[in-house]
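>>> no sequence for this one, just the structure:
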């Protein structure tokens, strides 16, 4: 870490402490039962008529991801040049490494979910969950990616988020290196995810149609993985990548992983004073950057790009606007977003929660 980055991390630590959040709590454990036990136990009801909303908005209106960052909120500047490379991960086509989603209908069967971390038998969990028989058709198209798939059952009003999901030839249901237990959609989304930080992935994913809606902005935060993590955690995170305190960076095979200034659960905000409307951006790039400006970007995991934006989109939706990487219609959504983030002021802010 540079001297400037060390100063920024120390300053941010003090901001969190003054805000009432201790990023060092239970620092010795990657999966923190101490933090999980402190999650709020009550929440307001989810929005009425939520079936007319994107599934990213199906949680309680108290979910932190739905609240704009207040203008008066404390913030720490990210050192210039800290984030240069951006990856825009779509679930289908494009790079095909985003999150797939499966929504069951009442007539769909209960199928067996098998969750086990490699050969670690103590991690084995088996349970039933409602899903269509052809659920595997919704797996992300890049099998070399993390194969994240989120199952949603409107009958039980629950969701399951999985990592490295594959189809079990015997049961027809999913096998996964990790699948969360069924979690309620009425909650605030601070648990049940399959990324390292532990909170729900669903409310942070850019959903189909959200980035290309000509009439309204994305109404929630975005999130994803960063190349330089900080082993600290802040709400809504309760966990982090295993052995991040001492691990070698697996993307470069040298240097450490724990060299970042933004903790798991930390929020990166694009300069709220930046006038995006004057930058002549495509509609998808504008919508995504605006969400990062208003609601922020939540750090969910470690990844190889400086900043990876997770979506549940099919990249074909972006083709009229330049596609992910450029075509006859434009320079490419990823390049547009990267150019703005790389040149603009960025801040790290505490979560917009009641204290």
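Good, I have the coordinates. These numbers were taken from a predicted model, which means no experiment stands behind them.

>>> what about the helices in this structure?
Using DSSP state H, the helices of the chain run over residues 3-19, 33-37, 283-294, 333-343.

>>> tell me which residues of the second one are tucked away?
So the one you mean is helix 33-37. By 16 or more other CB atoms under 10 Å, the buried positions in helix 33-37 come out as residue 35. Any C-beta I mention is one placed from the backbone N, CA and C, and that applies to glycine too.

>>> Where does pLDDT dip in this structure?
355 (pLDDT under 70).

>>> just to revisit the earlier point, dump the helices of the chain to JSON lines, plus distance to residue 110.
Below are the helices of the chain laid out as JSON lines (distance: least, CB to CB, whole Å):
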{"stretch": "helix 3-19", "distance to residue 110": "43"}
{"stretch": "helix 33-37", "distance to residue 110": "27"}
{"stretch": "helix 283-294", "distance to residue 110": "35"}
{"stretch": "helix 333-343", "distance to residue 110": "39"}
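
>>> Residue 140: which of those helices is closest?
helix 333-343 (16.8 Å; CB to CB).

>>> Give me the angle between the closest one and helix 283-294.
Going by axes from the mean of the first three to the mean of the last three CA atoms, to 10 degrees, helix 333-343 is angled at 30 degrees with respect to helix 283-294.

>>> For helix 333-343, buried residues please.
Across helix 333-343, burial judged by 16+ other CB under 10 Å covers 333-338, 340-342.

>>> same question, stretch 67-85
Across stretch 67-85, burial judged by 16+ other CB under 10 Å covers 67, 69, 73, 75-76, 78-79, 82-83.

>>> Make a markdown table from the buried residues of helix 333-343 and add distance to residue 9 to it.
Shown next, in a markdown table, are these (distance: CB to CB, whole Å):
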| residue | distance to residue 9 |
| --- | --- |
| 333 | 31 |
| 334 | 28 |
| 335 | 30 |
| 336 | 30 |
| 337 | 25 |
| 338 | 24 |
| 340 | 25 |
| 341 | 20 |
| 342 | 21 |
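
>>> Closest to residue 298 out of those?
Nearest member of those to residue 298, counting by CB to CB, is residue 341, at 15.1 Å.

>>> just checking, the closest one touches residue 274?
No. Applying CB atoms under 8 Å as the test, residue 341 and residue 274 come out as separate, 10.4 Å apart.
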